[in-house]
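J.: Pasted the sequence and its predicted model underneath.
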Amino acid sequence: MSIDAATVAKIARLARLKVPAEEQARLAGELSGILSWIEQLNEVDTANVEPLASVSDVTLPMRQDVITDGGVAAKVLANAPGGAVYLDPAEPNGGGFFTVPKVVE
C-alpha cells in the first residue's frame, strides 16, 4: 500500500497535527515503508499457532493462602505518626484497621 502527501495531510488534519507541506512527502515515504512491512507480516502462516500471553511456557508457583504474620499492631503503631490508633475488630465499630491523623492541609 502506498501513501501519498495528500493522504498524510488528511491524516494530520484528522489527528489535529500541524505537518508542514515540505515534510508531508517524507512522512508519506516513511508511512508507506511501515505499511509494506506490515503487509510482509500478514504473509506469515499463523494457522497452527496458539494465541499466547507470553512466549515462555512458565506458570507461577502457587502457595497456600495462609496468614504467616499478624498480631503486630503494636509494632506497626511504633512506626506511625503520633495520634495513630488501631481499631481492634473485637471492639464495637472496630474493623481491624488503623486511623492516623490528617497530615495534608
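T.: On my side now, so go ahead.

J.: Just to be sure, Glu39 is in a strand?
T.: No - secondary structure assignment (DSSP: H, G, I helix; E, B strand; the rest coil) places Glu39 in helix, not in a strand.

J.: how about the nearest residue to it, chain neighbours excluded?
T.: Met1 (6.8 Å; CB to CB, 6 or more residues apart in numbering). (Glycine included, C-beta is placed from N, CA and C.)

J.: Run a quick check on that neighbour versus Gln40, I expect a contact.
T.: No - taking contacts as CB atoms under 8 Å, Met1 lies outside contact range of Gln40: 11.8 Å.

J.: contacting residues for the residue nearest to Glu39?
T.: Contacts of Met1 were listed using CB atoms under 8 Å, 6 or more residues apart in numbering, and they are Ser32, Leu35, Ser36, Glu39.

J.: Just say helix, strand or coil for the third one.
T.: Look at Ser36: counting by three-state DSSP, its state is helix.

J.: and it, how many residues sit next to it?
T.: Using other CB atoms under 10 Å, Ser36 has 11 neighbouring residues.

J.: check contacts around it.
T.: Met1.

J.: now swap in the second one and tell me
T.: For Leu35, the contacting residues are Met1, Ile3, taking CB under 8 Å, 6+ apart as the criterion.

J.: Tell me which residue lies nearest the centroid of this protein.
T.: Ala53 (14.8 Å; CA atoms, centre = their mean).

J.: Cheers, nothing more for now.
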